[in-house]
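A.B. asks: what shape does this take:
(chains A and B)
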There are 2 protein chains.
Amino acid sequence: MALAETTGTVAAVITRSSTTDPFLAACRSQPARHRPVWFMRQAGRSLPEYRALRGNGTILDAVRRPEVAAELTLQPVRRYGVDAAILFSDIVVPVAAVGFGVDIQPGVGPVVERPFAGRDDLRRLRAIEPDNDIPWVAETVRILVKELKVPLIGFAGGPFTVASYLIEGRHSQDYARTKRLMYTDPATFADLLDRLADLAISSLRAQVRAGAQAVQLFDSWVGCLAPGDYRRYVLPATAKVFAAVSDENVPRIHFGVGTGELLGLMAEAGADVVGVDWRVPLDKARRRIGPGCALQGNMDPAVCLAPWEVVAQRARTLLAAAGAGPGHIFNLGHGVLPDTHPDTLARLVDFVHAEGDRPEP
Amino acid sequence: MALAETTGTVAAVITRSSTTDPFLAACRSQPARHRPVWFMRQAGRSLPEYRALRGNGTILDAVRRPEVAAELTLQPVRRYGVDAAILFSDIVVPVAAVGFGVDIQPGVGPVVERPFAGRDDLRRLRAIEPDNDIPWVAETVRILVKELKVPLIGFAGGPFTVASYLIEGRHSQDYARTKRLMYTDPATFADLLDRLADLAISSLRAQVRAGAQAVQLFDSWVGCLAPGDYRRYVLPATAKVFAAVSDENVPRIHFGVGTGELLGLMAEAGADVVGVDWRVPLDKARRRIGPGCALQGNMDPAVCLAPWEVVAQRARTLLAAAGAGPGHIFNLGHGVLPDTHPDTLARLVDFVHAEGDRPEP
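C.D. replies: Just a heads-up that it's a prediction; the model follows:
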């Protein structure tokens, strides 16, 4: 029972040790009884029950209310029959919790009151104490592991992506301020990413110890970097996160958008699964990543706005590119778009479960 | 003198036939006496003389005034000593000129009053008559070819990118409306792209016949598409543009951002030169594109915000990846960022001219 003593929950151990779970097996590149599928941002504005429960409250308000966050997490699992749940939270939760001054504005995303401008701002990023600073996270996870029949994915923002919000003040088109700091003051940039890596580690550990059975690092915007810059400025902090959580013995998923040239490096950073966006066919992604690492993805979310025949045709092509072997988790290449009809996603889950291991040549 | 009769200007013939011009030679994958360099958006807000001349007027106002547009085109050529000028204009000029109702708002970009919503809106895109609808374009070109000692690049927007503005109403994060139309009503989408191809062809022909010596098709946002979708929905219209302007006997450059997986298809569409963004090292881009097509690019524009040592190091790495053979035009991987110091670009031009054909291994 050494593991149970480490994690503190028996339930987590029972489910975590289950190698027959399709999602966890695929994460480990092991055969699964069916092709697992879940959708990034499956808990989101495409669901009427989500919009009803969220109402006009902010995302951070909902995250801080365990019963609400748990229900938002459960809604898509009930409706779609997906093979994994993902905690309802946000990548800026840790930096907001240590008082950096981050809000999430509707239709805008994270907005930082006083952006990170230089070395002096490092002091605004103290270490996080999850039990004190974000107790609602573990509480939400504990509610969920009692309710869920499928694994719960915990997550954190990748150090580069969170840094980009802190430096730019909001989502950026060109990441000019972020890259300027990176090139001009690489020591401060490295220290910033290192602190954000520590925040991610603490947050992910808290989620896993409360019962999350896999973790995903969303480095959503890291695809704006050339491979040489990724290796030099970002990979060390990301590798630190994955190395630290390797003790927790849960699969580690690594995802970013537009990362076609970074896929090999993202695996090298220590991921068990690399998420691929829709730009790179999965057979090409497999060649770039090499063996031993599972793939997650990669339908263009906009395909789910199309008539069903188009969705089915694209899903078939995707499954053929993924191949019949183990180590593929069906997902979109980025989050569900708000205008997606929930019935399309429900039908897509059934389709993947039925066709997933009989891909056409 | 058959060519002179076709183009209507002797000056154009004299310069166009010059194979000793470094830029034109590189576009043809022929040896050049030095590595040519120019910068996308070299005429832009990074230049104080640009800001002074533009003042508070709109871009479309400046485009419509030949003396102003010519001066804005010349400013970076004088200051930097680049090997090519690019006409000061905008990719929405033709659709605005046929009355689609497009404005360019400061800090926002193109904004469409009544976005394209379906087949009925095709009638709002009549054919353009350059002599009547955009006479200032040819007039600006005629002023420029008298002044310039380097080739002038004419340009148009790629059908997909212009369509995305017409459909979304402004720059989009996810191109959801554009892709929804593409998947849901592919016939209308194809007709829209075909009309936009015709507008691009007429506009490019007018520029070349007035004296432009190369053309660039900016399909800036086409990198949002999976390769299969690009081939099916976009390539036919793009290939039509390149085939039509092949009669004009000028090099054809094709550029988009985030197009790592599309590079081969972009060459296949009929380009003599493919522009590459900074995400794909040029040696990889070369392998994807194959022989016979020149490359243009590809420094991250944000590198130009860095101290000179970083810029020089990145330029050396870039030149090494490009290789010592012919067929490379040095450029950024996207437009000059507004905060770029002009002295950095001037120094970079000198550096490329000095080092361009002695890349380190």
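A.B. asks: from here on, contacts and neighbour counts on C-alpha atoms
C.D. replies: Fine.
A.B. asks: I'd say A:A200 and A:G154 touch.
C.D. replies: No. In this structure, A:A200 is not within contact of A:G154 by C-alpha atoms under 8 Å, at 10.9 Å.
A.B. asks: more neighbours, the two?
C.D. replies: A:A200 (30 against 27; other C-alpha atoms under 10 Å in any protein chain shown).
A.B. asks: so which bits of the stretch 251-361 of chain A are right by chain B?
C.D. replies: Residues of the stretch 251-361 of chain A lying near chain B by C-alpha under 8 Å from any C-alpha of the partner chain: A:258, A:260-261, A:278-281, A:300, A:302-303, A:305-307, A:310, A:337.
A.B. asks: wait, which of those residues is closest to chain B?
C.D. replies: The shortest approach to chain B among those belongs to A:R279, at 4.4 Å (C-alpha to the nearest C-alpha).
A.B. asks: can you pull the pLDDT of that closest one?
C.D. replies: On the pLDDT scale, A:R279 is placed at 98.
A.B. asks: can you pull the contacts of it?
C.D. replies: Contact analysis of A:R279 by C-alpha atoms under 8 Å, 6 or more residues apart in numbering or on different chains lists A:G258, A:G260, B:G223, B:C224, B:L225, B:A226, B:P227, B:E261.
A.B. asks: look up phi and psi at the first one.
C.D. replies: A:G258 adopts backbone torsions of phi 70, psi 30, taken as degrees, to the nearest 10.
A.B. asks: quick one: residues contacting it.
C.D. replies: Residues in contact with A:G258 (C-alpha under 8 Å, 6+ apart) are A:W221, A:G223, A:C224, A:D277, A:R279, B:G258.
A.B. asks: verify the stated contact: the first one with A:D277.
C.D. replies: Yep, that's A:W221 we're talking about. No. A:W221 is not in contact with A:D277 according to C-alpha under 8 Å; the separation is 11.7 Å.
A.B. asks: longest helix of chain A, counting residues only.
C.D. replies: Taking DSSP state H as the criterion, chain A has its longest helix at helix A:186-210.
A.B. asks: overlap of the contact sets of A:W221 and A:D277?
C.D. replies: A:G256, A:V257, A:G258.
A.B. asks: please look at the second one and A:L263 and confirm they touch.
C.D. replies: No. With the criterion set as C-alpha under 8 Å, A:V257 and A:L263 do not qualify as a contacting pair; they are 10.5 Å apart.
A.B. asks: format the contacts of A:G258 as a markdown table; extra columns: distance to A:L235 and secondary structure.
C.D. replies: Listed next are the contacts of A:G258 as a markdown table, based on distance: C-alpha to C-alpha, whole Å; DSSP: H, G, I helix; E, B strand; the rest coil:
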| residue | distance to A:L235 | secondary structure |
| --- | --- | --- |
| A:W221 | 14 | coil |
| A:G223 | 13 | helix |
| A:C224 | 14 | helix |
| A:D277 | 19 | coil |
| A:R279 | 22 | coil |
| B:G258 | 21 | coil |
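A.B. asks: can you list those in JSON lines and add distance to B:T188?
C.D. replies: Below are the contacts of A:G258 laid out as JSON lines (distance: C-alpha to C-alpha, whole Å):
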{"residue": "A:W221", "distance to B:T188": "33"}
{"residue": "A:G223", "distance to B:T188": "33"}
{"residue": "A:C224", "distance to B:T188": "33"}
{"residue": "A:D277", "distance to B:T188": "27"}
{"residue": "A:R279", "distance to B:T188": "24"}
{"residue": "B:G258", "distance to B:T188": "26"}
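A.B. asks: check contacts around A:Y233.
C.D. replies: Residues in contact with A:Y233 (C-alpha under 8 Å, 6+ apart) are A:M182, A:P186, A:F189, A:A190.
A.B. asks: tell me who's in contact with the last one.
C.D. replies: It refers to A:A190. With contacts defined as C-alpha under 8 Å, 6+ apart, A:A190 is in contact with A:M182, A:Y233, A:V234, A:A237.
A.B. asks: show me what contacts the first one?
C.D. replies: Spelled out, that is A:M182. Contacts of A:M182 (C-alpha under 8 Å, 6+ apart): A:F189, A:A190, A:Y233.
A.B. asks: could I get the average pLDDT for the helix or strand where it lies?
C.D. replies: For A:M182, the enclosing helix or strand under DSSP states H and E is helix A:176-184. Mean pLDDT, computed over helix A:176-184, is 98.
A.B. asks: please look at A:K179 and B:C304 and confirm they touch.
C.D. replies: No. If you go by C-alpha under 8 Å, A:K179 and B:C304 don't touch, sitting 10.1 Å apart.
A.B. asks: returning to that earlier point: and A:W221 and A:D277? Which one has more around it.
C.D. replies: The neighbour comparison of A:W221 against A:D277 (other C-alpha under 10 Å) goes to A:D277, with 26 against 21.
A.B. asks: what is the mean pLDDT for stretch A:140-147?
C.D. replies: Per-residue pLDDT over stretch A:140-147 has a mean of 98.
A.B. asks: now do the buried residues in that stretch.
C.D. replies: A:T140, A:V141, A:R142, A:I143, A:L144, A:V145 (16 or more other C-alpha atoms under 10 Å in any protein chain shown).
A.B. asks: then that stretch to CSV, C-alphas only?
C.D. replies: Once non-C-alpha atoms are left out, stretch A:140-147 reads as follows in CSV (Å, rounded to 0.1, in the frame of the first residue of the first chain):
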residue,chain,number,x,y,z
THR,A,140,-13.4,19.4,-6.8
VAL,A,141,-11.2,16.5,-7.7
ARG,A,142,-12.4,14.6,-4.6
ILE,A,143,-16.0,15.1,-5.6
LEU,A,144,-15.3,14.0,-9.1
VAL,A,145,-13.4,10.8,-8.4
LYS,A,146,-16.4,9.6,-6.4
GLU,A,147,-18.8,10.3,-9.3
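A.B. asks: alright, calling it a day.
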